[in-house]
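Asks: Would you be able to build a 3D model of this:
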Amino acid sequence: KFEFKKLSGATFISYFLAYGIVSIYMGVHGYGLWSLIAAYWVQSISFFILIIVLCRDTLKIGFSLPSAHEMLNFGLGHSMARLCNYAAGQGDNLVISKVLGSGAAGLYGRAYQIMSMPAILFGSVIDKVFFPLMAKLRNSKEDLEKLYLSSIYFSLLIFVYLSGYVFIFSEPITYILFGSGW
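Replies: Here you go, the predicted structure:
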């Protein structure tokens, strides 16, 4: 329903409650690792409850075989794409650590993290916004194509400038993020 304000509000409240209150309280009182475990559970449960409260009109219990079939077809393809993307992203770490050793793999991991951080942050926002929009436009191939191409062009525009900035200021960025030892 494109109610991103409700979604972001529920996300903020659940994280604040869990990690801003519960985990800090438990950590100060000596619970150690259990404070993070409890915060994870509190965040998940409070987010679920907030979404149910904020989106009451969508709580309908029922089953539709055509809808289930459509969701499984789409979801399976989406899940397989994410799994293959993850495997491709981790394959280089395996090769580097096997060929060059763990020290080189650590350096490579940090360099890759600096390089990919802006794309991951930007991509997660775009994913949360464009995925529902593209799902809504799935029956209009022309509109879906326009939206997809404009999002690619927009991303290209942003990341060309951002990549140049990171390239030019790579030494100060590395120093700020990782200290003088790098």
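
Asks: need the contact list for the residue nearest the centre of the chain.
Replies: For the chain, the residue whose C-alpha lies nearest the mean C-alpha position (C-alpha atoms, centre = their mean) is residue 124; its distance is 4.2 Å. With contact taken as C-beta atoms under 8 Å, 6 or more residues apart in numbering, residue 124 is in contact with no other residue. The C-beta positions use only the backbone N, C-alpha and C, and glycine is treated the same way.

Asks: Name the next helix or strand downstream of the host helix or strand of residue 132, please.
Replies: Here residue 132 sits within helix 102-136, counting by DSSP states H and E. Following helix 102-136 in sequence order, the next helix or strand is helix 141-168 (DSSP H and E).

Asks: in that next one, what counts as buried?
Replies: Of the residues in helix 141-168, 144, 147 count as buried by neighbour count, 16 or more other C-beta atoms under 10 Å.

Asks: Can you pull out the low-pLDDT segments for the chain?
Replies: Counting by pLDDT under 70, the ranges of the chain that qualify are 1-2, 57-60, 182.

Asks: Who are the contact partners of the residue of it most remote from its centre?
Replies: For the chain, the residue at maximal distance from the C-alpha centroid (C-alpha atoms, centre = their mean) is residue 29, at 31.4 Å. With contacts defined as C-beta under 8 Å, 6+ apart, residue 29 has no neighbours.

Asks: quick one: it and residue 16, what's the gap?
Replies: Taking C-beta to C-beta, to the nearest Å as the measure, residue 29 and residue 16 are separated by 19 Å.

Asks: do residue 143 as well
Replies: 37 Å.

Asks: got it, and residue 80?
Replies: Computed with C-beta to C-beta, the distance linking residue 80 and residue 16 is 35 Å.

Asks: Please say which of these two ends up with more neighbours.
Replies: Neighbours around residue 80 and residue 16, counted as other C-beta atoms under 10 Å, are more numerous at residue 16. The numbers are 13 against 10.

Asks: any idea how far that one is from residue 24?
Replies: 11 Å.

Asks: Kindly report the same for residue 39.
Replies: Distance from residue 39 to residue 24, by C-beta to C-beta: 9 Å.

Asks: got it, and residue 151?
Replies: Computed as C-beta to C-beta, the residue 151 to residue 24 distance reads 38 Å.

Asks: how deep is residue 42 tucked in, by neighbour count?
Replies: Residues near residue 42, counting by other C-beta under 10 Å, number 19.
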